[in-house]
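Trainee: the following block contains a protein sequence and its predicted model.
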Amino acid sequence: GASTRPMNSALAAEIIRQTFLTAFWVSLPLLAIGLIAGIIVSLIQLVTSIQDPGFGAVPRLGAFLAGLILFLPWMFLKMMAFTTALFSDLGRFAR
């Protein structure tokens, strides 16, 4: 009925909030690595006057790959915990 509508929208808002928070925390390590690698590469390019685009891209990609390898197990566990919690509450959402 009409009385369950506010609860459903609140529940949907909570699910969306949890989804965005999980996506934020899962992507944060790689974003931080990209930011740090970008700053370091830019400083090196500034000091050495090397302006080759390949010189900037290769270390950043290497840093992302290393970060992905390092943080992938943690990222996977974080996403699995979110998915498990979502599916365990599925009965509450279906009402």
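Mentor: Structure's in. What do you need?

Trainee: so after the top helix by length along the chain, what's the next helix or strand?
Mentor: If you go by DSSP state H, the chain has its longest helix at helix 5-48. With elements assigned by DSSP states H and E, the helix or strand that comes after helix 5-48 is helix 53-88.

Trainee: compute the inter-axis angle for that following helix and helix 5-48.
Mentor: With axes from the mean of the first three to the mean of the last three CA atoms, to 10 degrees defining the directions, helix 53-88 sits at 160 degrees from helix 5-48.

Trainee: what's the mean pLDDT across helix 53-88?
Mentor: Average pLDDT, helix 53-88: 91.

Trainee: for that helix, packing partners?
Mentor: helix 5-48 (3 or more CB pairs under 8 Å, 6 or more residues apart in numbering; DSSP states H and E). All C-beta atoms are positioned from the backbone trio N, CA, C, and that covers glycine.

Trainee: list the helices and strands the longest helix of the chain packs on?
Mentor: Here helix 5-48 touches helix 53-88, helix 90-94, going by 3+ CB pairs under 8 Å, 6+ apart.
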